[in-house]
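>>> model the following, please.
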Amino acid sequence: MRRRYHFRRSRAGRIVALLLLCAAMMSGCSRGGGETVINAEAQSEESEDKVRIGISFDSFVIERWLRDRDVFTATAQSLGAEVNVQNANGDIDEQISQIEYLIDKKMDVITIIAIDGEALNSVVKKARQNGIRIVCYDRLIRNAGTDLYISFDNRMVGTLMGQALADSLPDGGRIFQIQGSSSDYNVALVREGFEEALEGTGIEIAYSTFCDNWLAELAFDAVEEGLGQCSGKVDGIMCGNDDLAGQAIRALAENKMAGGVPVVAQDAELSACQRIVEGTQTMTVYKSVDKEASAAARLAVALARGEDITSEDSAIPVTQTMNDGSADVPYYPLEPAAVTKENMDDVIIDGGFHQREDVYLNID
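The predicted structure is shown next:
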């Protein structure tokens, strides 16, 4: 009997131990499962709290916008933001539709490279009514009371172009003014700086036109038309950007005038830098895309997080304003630089904007 009792007690003990083990395992599974659920909830909350930035580009026809996109996106992502990139391909209706899409996606900030600074007024106001902050990138959106305008000092861009032509034409002369899109507010600012720089130089603007939507092909037609109106003579050409300059120089080449007529523009595109060292373009205005895109991304993230970017304590204090026609918009200007054959190495190559072998590709 004693032995039988011992067997039962031992067997019962094993059963109890087994039950305790299972209970412990179940408890562990339950705790582990609870942690998984909590982690999933934390990840969901983290996703919901993550800054969401939309960016709508005019198009990627102009070389520099691809670089802007890459730097802006990389900088914003390094700060923990998600970036939704849209490309309107130069179609204003498409850009409006894309901004409405970004509104529906509940972006915290929408950064816009405007095709038409007037046509986006209504959709921008709609975004702001939905609590979305708006950054005007490189081009001001008029009468919209946006949260930030970041660009290079466009009047200075025009001034540098005017000074370069004045230096190339010390005795004055007749020039063509081939501007960008008439709907781009920056074009007006560049023109103001350019024409101020020409005052008292004896240089006359004999022909002036716009290239709608910044279509480069229109610059070729403009040079041909200008030459027709001016008896085949021109002493210098101002172009709204390097894309336009490329087509203007092509027209000059077909008239056997390339290299003999100073041409100035802006953006420091690789093709323009090549033309400068080759001698067919006189000057371009360099605007550090990396600086602009990086600063814009940092300011967009700050706005999304509710920071006061106009405060002295801000990581990038915005201390100036630009009137958009209805309100004073916080304005962060960057300084451009003139690039010629003489300082190409110092500004462009040593600065890492383009590689030496690329700039001098066609030079023996």
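>>> which stretches in the stretch 1-150 of the chain count as helices?
For the stretch 1-150 of the chain, the helices defined by DSSP state H, counting those that start in this stretch occupy 2-49, 63-78, 92-104, 121-129.
>>> the last one to helix 92-104, inter-axis angle?
On the basis of axes from the mean of the first three to the mean of the last three C-alpha atoms, to 10 degrees, helix 121-129 is oriented at 10 degrees to helix 92-104.
>>> tell me the buried residues in helix 121-129?
Neighbour-count burial for helix 121-129 flags 121, 123-124, 127-128 (criterion: 16 or more other C-beta atoms under 10 Å). Heads up, the C-betas are built off the backbone N, CA and C, glycines and all.
>>> and stretch 248-255, by the same measure?
Buried-residue list, stretch 248-255, by 16+ other C-beta under 10 Å: 248-252.
>>> then stretch 185-203?
Buried-residue list, stretch 185-203, by 16+ other C-beta under 10 Å: 185-187, 189-191, 193-195, 197-198, 201, 203.
>>> cool, and stretch 282-293?
282-290, 292-293.
>>> again, but for stretch 317-328
Neighbour-count burial for stretch 317-328 [16+ other C-beta under 10 Å]: 318, 322, 324.
>>> OK, contacts around the last one?
The reference is to residue 324. Neighbouring residues of residue 324 by C-beta atoms under 8 Å, 6 or more residues apart in numbering: 140-146, 149.
>>> equivalent analysis for the first one, please.
For residue 318, the contacting residues are 148, 299, 309-310, 330-332, by C-beta under 8 Å, 6+ apart.
>>> need the nearest residue in space to the most centrally placed residue in the chain, chain neighbours excluded.
The chain has residue 68 as the residue nearest its centroid, 4.4 Å off, counting by C-alpha atoms, centre = their mean. Distances taken as C-beta to C-beta, 6 or more residues apart in numbering place residue 293 nearest to residue 68, at 4.7 Å, with adjacent residues excluded.
>>> confirm that neighbour sits in a helix?
Yes - Residue 293 forms part of a helix when assessed by DSSP: H, G, I helix; E, B strand; the rest coil.
>>> on that earlier part again, dump the buried residues of stretch 248-255 to a markdown table, plus distance to residue 94 and secondary structure.
Converted to a markdown table, these look like this (distance: C-beta to C-beta, whole Å; DSSP: H, G, I helix; E, B strand; the rest coil):
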| residue | distance to residue 94 | secondary structure |
| --- | --- | --- |
| 248 | 28 | helix |
| 249 | 31 | helix |
| 250 | 29 | helix |
| 251 | 30 | helix |
| 252 | 34 | helix |
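>>> how close does residue 188 sit to residue 358?
Residue 188 sits 33 Å away from residue 358, taking C-beta to C-beta, to the nearest Å as the criterion.
>>> again, but for residue 350
Taken as C-beta to C-beta, the span from residue 350 to residue 358 is 14 Å.
>>> just the endpoints, please. Distance across stretch 342-353?
16 Å (C-alpha to C-alpha, to the nearest Å).
>>> mark out where each domain of this protein begins and ends.
1-49, 52-146+290-334, 154-287+338-359 (automatic domain parsing).
>>> would a markdown table of those with mean pLDDT be doable?
As requested, the domains of the chain are exported to a markdown table (pLDDT from 0 to 100):
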| stretch | mean pLDDT |
| --- | --- |
| domain 1-49 | 41 |
| domain 52-146+290-334 | 95 |
| domain 154-287+338-359 | 97 |
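>>> circling back: looking at the buried residues of stretch 185-203, which are in helices?
185-187, 189-191, 193-195, 197-198 (DSSP state H).
>>> let me know the closest of the residues you listed to residue 264.
The closest of those to residue 264 turns out to be residue 194 (C-beta to C-beta; 9.0 Å).
>>> what about the strands in the stretch 151-300 of the chain?
173-179, 203-210, 236-239, 263-266, 283-286 (DSSP state E, counting those that start in this stretch).
>>> could you export the third one as PDB, CA atoms only?
Put plainly, it is strand 236-239. Output of strand 236-239 as PDB, limited to C-alpha atoms (Å, rounded to 0.1, in the frame of the first residue of the first chain):
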ATOM      1  CA  GLY A 236      24.000  89.900 -77.500                       C
ATOM      2  CA  ILE A 237      21.200  87.600 -76.200                       C
ATOM      3  CA  MET A 238      19.700  87.200 -72.800                       C
ATOM      4  CA  CYS A 239      17.900  83.800 -72.300                       C
END
